[in-house]
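> Pasting the sequence and the predicted model now:
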Amino acid sequence: MSIDLTGTAAVAAWAGFAAGPWQEQIDVRDFVLRNIAPSSCADVALAGPSPRVAALVQRAAGGLGDWVAELLVGLPGEVWHSLQTRAAPAQAFEDVASQEVRAARAVHLVNGPVDGGGRVLGDVRRVALYGLDALAAAKRAERNELDLLASTEQVVRQRADLAEQLIGMSQLAELGDRAGVDLAQPARTAREAAQWMLLAYLAGLVEIATAETAWGRNAGFLDVYIARDLATGTLTAARAQEICDDVVLVLGIVGRLRACRPVVLTLGGTAEDGRHLVTGTSMRFLQALRNVADGPLPALAVLWSSRLPAPFRRACAEASLSGVRVTYVSDDLVRASWGDDAAIVGSASTAVRVGRQVTYGGVRVNLAKALLYALNGGRDELTGRQVGPVASAVTGDVLVFDDVVPRLRATLDWLAGVAVDSLVCAHATRDRYGYERVAMALSDAIVLRSLVCEVAGVAIAADSLAAIRHATVRPVRSTDGLVVDVELEGSVPRFGTDDDRADELAVWLLRTFMSALRGRQTYRGALHAQGLVRPEPGDGTSTGATPDGRPAQAPLFAWTGTPDELVASVAKLPYAEAQAGLACPYPVQADDLGADPQARGARLVELVDAALCRGGAYGLLVLVR
């Protein structure tokens, strides 16, 4: 996307930055890699909370008020109130969803928000680096190129999208006016860069207040500005810290207002040229989590590598030990698939290309319940309704593995069709009533689109198949022939105990379902993807007794092994078959890490290294108890 900055304030705003292609085309990655100064983190000047930040944290505990205008972003309280989550217009989805989709959602075989969840991670850095005038000019140039093409359905849709994106830029400019700043031109200072990014981020949320979203991977970008301003003496270390404190506090407040999972802030990672991308500002953000710890906090995602500086790695571990929600994700896996300008989003810790990708997600399927449909010929085990295709139910006094597997394969093929159907309906209606004007305005003209189906209940389904294969499972039927319970004899190999007999069945489930997904037509040419997620409580309560001995309506996530065994099992799952995320919960008892706080941090670093750097796992959500 080329730009023309003739006659703008760019020359002054970019003073001191290394020149490159980023000055002639919109390419924030090029700007960052040419200007970033990776830090050893040994001598970064950190500071505690300023009196202003400490007062804001205290006031944040009491909820929204006039005080929010004192935050760096500079917006009045009424704008913040508009960020609160609004219910998605479910009727729009119901109007287009098939009877089959509605039936599967009614019994919670298929779950997820009807608005499709968060879809776009717009590149808010573009507003700070280029200003809205240049970005809007680039979008108009894209429109001129489309006007030279015949008006096919695809071209007409692209023109309509561009029109919406230009409206989004106007809305963002208006939000800047309400904050008393002019976003038309590039940011001139580190403080302005942070404010410009926050305004762009919040503008997207004001527009679409129905889904969780992520902040992105912005520490390296902001550090370029901070380092320049520190070098010229226009910024002090204390003020640099306060900027980061403000950003973290704003993200924490957003997560609380939207009544969803905390906003995810991505740090760490390495570049394709081998350099690590940890900077002094990476450390400032970790310090900010301490400075505003008494207020609402965002979650942290760390792109983890053994090449990251030791002080940074230790500080991340200490954040986990202090209670911050930290997910550690393999930088090697992310960089190989998505490049070195990717960030983490969503409950599955999905990696996406910032400003270059649209993720059509929001559907979660219950594979444990799907197995019960295979046993019962498509009937729901709790209600008796015929939800799936009519098929014969299992017969006999003992479940036979070679009989169950073909039935399950057919059920998974049908379920994949229902899941994709639900995704297409969700996102087609979302584009009608909730197109992300601002976020898409801060994205490339041509983006990678992925259609993501999340899968839950994989462990229980794998355990159930292992029980059928390696133990004796006798079905207990109701008066109308439904399998409603089992009698289990013998020991059962369990997923999460590093037992290949169960783990290979989990791999088979992922491969089989992914293969079925790939056979379905997607929305807007999106690529198929699936992500492994931890089941929600409702997944368990809507699922009957399973062949592994789990009682009806019990939770779908439980294991009998150690945390390390759980990680070993998850690490066997192929990332190529679940590129929308494979993050594994990793419960840790603080006392097991040692008595000394510093020793605990070092020990946690060793555990994460063992799982991600040597064990091949994709991600760990560390839960310190």
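Thanks, I have the structure now. Numbers count the residues shown, from 1 in each chain.
> so how far is the first residue of stretch 554-563 from its last?
21 Å (Cα to Cα, to the nearest Å).
> Quick one: mean pLDDT for it?
Averaged across stretch 554-563, pLDDT comes to 82.
> Could you tell me how far it lies from the centre of the chain?
Chain-centre distance of stretch 554-563: 23 Å, with Cα atoms, centre = their mean, to the nearest Å.
> In that stretch, which residues are buried?
Leu556, Phe557, Trp559, Gly561, Pro563 (16 or more other Cβ atoms under 10 Å). In short, each C-beta sits where N, CA and C put it, glycine included.
> where do the strands sit along the protein?
In the chain, the strands defined using DSSP state E lie at 110-111, 214-216, 264-268, 299-304, 326-330, 342-345, 350-353, 357-366, 448-456, 472-477, 483-489, 527-532, 583-588, 619-624.
> Low-confidence stretches in the stretch 251-400 of the chain?
259-260 (pLDDT under 70).
> ok so, going back, I'd like the buried residues of stretch 554-563 as CSV, with distance to Pro597 appended.
Below are the buried residues of stretch 554-563 laid out as CSV (distance: Cβ to Cβ, whole Å):
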residue, distance to Pro597
Leu556, 35
Phe557, 30
Trp559, 29
Gly561, 28
Pro563, 20
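> hang on, the earlier thing: out of the strands of the chain, flag the one nearest Arg520.
strand 527-532 (7.5 Å; Cβ to Cβ).
> Can you list the buried residues in that closest one?
Those would be His528, Ala529, Gln530, Gly531, Leu532, for strand 527-532 by 16+ other Cβ under 10 Å.
> Now do the residue lying closest to Leu620 once chain neighbours are set aside against Pro186, distance only.
Spatial nearest neighbour of Leu620, excluding adjacent residues (Cβ to Cβ, 6 or more residues apart in numbering): Tyr586 at 4.3 Å. Counting by Cβ to Cβ, to the nearest Å, the gap from Tyr586 to Pro186 is 42 Å.
> is it possible to export the strands of the chain to JSON lines including distance to Ile208?
Below are the strands of the chain laid out as JSON lines (distance: least, Cβ to Cβ, whole Å):
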{"stretch": "strand 110-111", "distance to Ile208": "21"}
{"stretch": "strand 214-216", "distance to Ile208": "13"}
{"stretch": "strand 264-268", "distance to Ile208": "17"}
{"stretch": "strand 299-304", "distance to Ile208": "20"}
{"stretch": "strand 326-330", "distance to Ile208": "24"}
{"stretch": "strand 342-345", "distance to Ile208": "14"}
{"stretch": "strand 350-353", "distance to Ile208": "16"}
{"stretch": "strand 357-366", "distance to Ile208": "13"}
{"stretch": "strand 448-456", "distance to Ile208": "17"}
{"stretch": "strand 472-477", "distance to Ile208": "47"}
{"stretch": "strand 483-489", "distance to Ile208": "42"}
{"stretch": "strand 527-532", "distance to Ile208": "21"}
{"stretch": "strand 583-588", "distance to Ile208": "24"}
{"stretch": "strand 619-624", "distance to Ile208": "26"}
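> how far does stretch 536-554 stretch from start to finish?
Stretch 536-554 has an end-to-end distance of 11 Å (criterion: Cα to Cα).
> Report the buried residues of it.
So, applying 16+ other Cβ under 10 Å, buried residues of stretch 536-554: Glu536, Asp539, Gly540, Ser542, Thr543, Gly544, Ala545, Thr546, Pro547, Asp548, Gly549, Arg550.
> Same check on stretch 172-179?
Quick answer for stretch 172-179 (16+ other Cβ under 10 Å): Leu172, Ala173, Leu175, Gly176, Ala179.
> what's the answer for stretch 483-497, then?
Val483, Val484, Asp485, Val486, Leu488, Val492, Pro493, Arg494, Phe495, Gly496, Thr497.
> quick one: that stretch to chain centroid distance?
The chain centre lies 33 Å from the centre of stretch 483-497; the measure is Cα atoms, centre = their mean.
> swap in stretch 270-290?
Worked out by Cα atoms, centre = their mean, stretch 270-290 lies 19 Å from the chain centre.
> Can you give me the buried ones in that stretch?
Those would be 270-271, 276-290, for stretch 270-290 by 16+ other Cβ under 10 Å.
> What about the residues you listed, which are in helices?
Residues of those located in helices (DSSP state H): Gly280, Thr281, Ser282, Met283, Arg284, Phe285, Leu286, Gln287, Ala288, Leu289, Arg290.
> Mind jotting down where the helices sit in the stretch 451-600 of the chain?
Assigned by DSSP state H, counting those that start in this stretch, the helices in the stretch 451-600 of the chain fall at 458-470, 500-518, 537-541, 563-571, 597-608.
> mean confidence for the shortest one?
Per-region confidence: helix 537-541 scores 92 on mean pLDDT.
> ok, and what's touching it?
The contact list for helix 537-541, computed with Cβ atoms under 8 Å, 6 or more residues apart in numbering, reads 108, 111, 364, 366, 368-369, 456-457, 553-557.
> what number of residues lie near Phe17?
As a burial measure, Phe17 scores 16 neighbours (other Cβ atoms under 10 Å).
> and Ala368, what is it in contact with?
Each residue near Ala368 by Cβ under 8 Å, 6+ apart is listed here: Ala456, Gly457, Ile460, Ala461, Ser464, Asp539, Thr543, Thr546, Leu556.
> how about the first one, what does it touch?
Just to be clear, that refers to Ala456. Arg364, Val365, Asn366, Leu367, Ala368, Val533, Arg534, Pro535, Glu536, Asp539, Leu556.
> pretty sure the last one contacts Arg364?
Which is Leu556. No. If you go by Cβ atoms under 8 Å, Leu556 and Arg364 don't touch, sitting 11.3 Å apart.
> Now do the residue nearest to Leu620 against Val324, distance only.
14 Å.
> So which of those two has more stuff around it?
The neighbour comparison of Tyr586 against Val324 (other Cβ under 10 Å) goes to Tyr586, with 24 against 21.
> could the ones in helices among the buried residues of stretch 270-290 be laid out in a markdown table, adding distance to Asp331?
Formatted as a markdown table, these follow (distance: Cβ to Cβ, whole Å):
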| residue | distance to Asp331 |
| --- | --- |
| Gly280 | 19 |
| Thr281 | 18 |
| Ser282 | 13 |
| Met283 | 18 |
| Arg284 | 20 |
| Phe285 | 17 |
| Leu286 | 17 |
| Gln287 | 22 |
| Ala288 | 22 |
| Leu289 | 20 |
| Arg290 | 24 |
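> Which residues are in contact with the closest residue to Leu183 other than its chain neighbours?
In this structure, Leu183 finds its nearest non-sequential neighbour in Gly176, 3.8 Å apart by Cβ to Cβ, 6+ apart. Counting by Cβ under 8 Å, 6+ apart, Gly176 touches Leu132, Asp182, Leu183, Trp196, Leu199.
> which non-adjacent residue is nearest Gly561?
Thr497 is the one closest to Gly561 (Cβ to Cβ, 6+ apart), at 3.6 Å.
> who are the neighbours in contact with the one you found?
Trp559, Thr560, Gly561, Glu565, Leu566, Ser569.
> And those, which is closest to Pro298?
For these, the nearest to Pro298 is Leu566 (25.9 Å; Cβ to Cβ).
> Tell me if I'm right that Pro298 and Leu267 touch.
No. Using Cβ under 8 Å as the test, Pro298 is too far from Leu267 to be in contact (11.0 Å).
> Straight-line length of stretch 473-485, end to end?
Stretch 473-485: ends 10 Å apart by Cα to Cα.
> Name the residues that touch it?
372, 375-376, 379, 381, 384, 393-394, 397-399, 467, 486-489, 544-545, 547, 552.
> winner for burial among the helices of the stretch 451-600 of the chain?
helix 458-470 (a mean of 26; mean count of other Cβ atoms under 10 Å).
> so how far is Leu257 from Leu198?
For Leu198, the distance to Leu257 - Cβ to Cβ - is 14 Å.
> the more surrounded of those two?
Comparing Leu198 with Leu257 by other Cβ under 10 Å, the one with more neighbours is Leu198, at 26 against 19.
> Excluding chain neighbours, give the residue nearest to that one in space.
Nearest residue to Leu198 in three dimensions, chain neighbours excluded: Val73, at 4.3 Å (Cβ to Cβ, 6+ apart).
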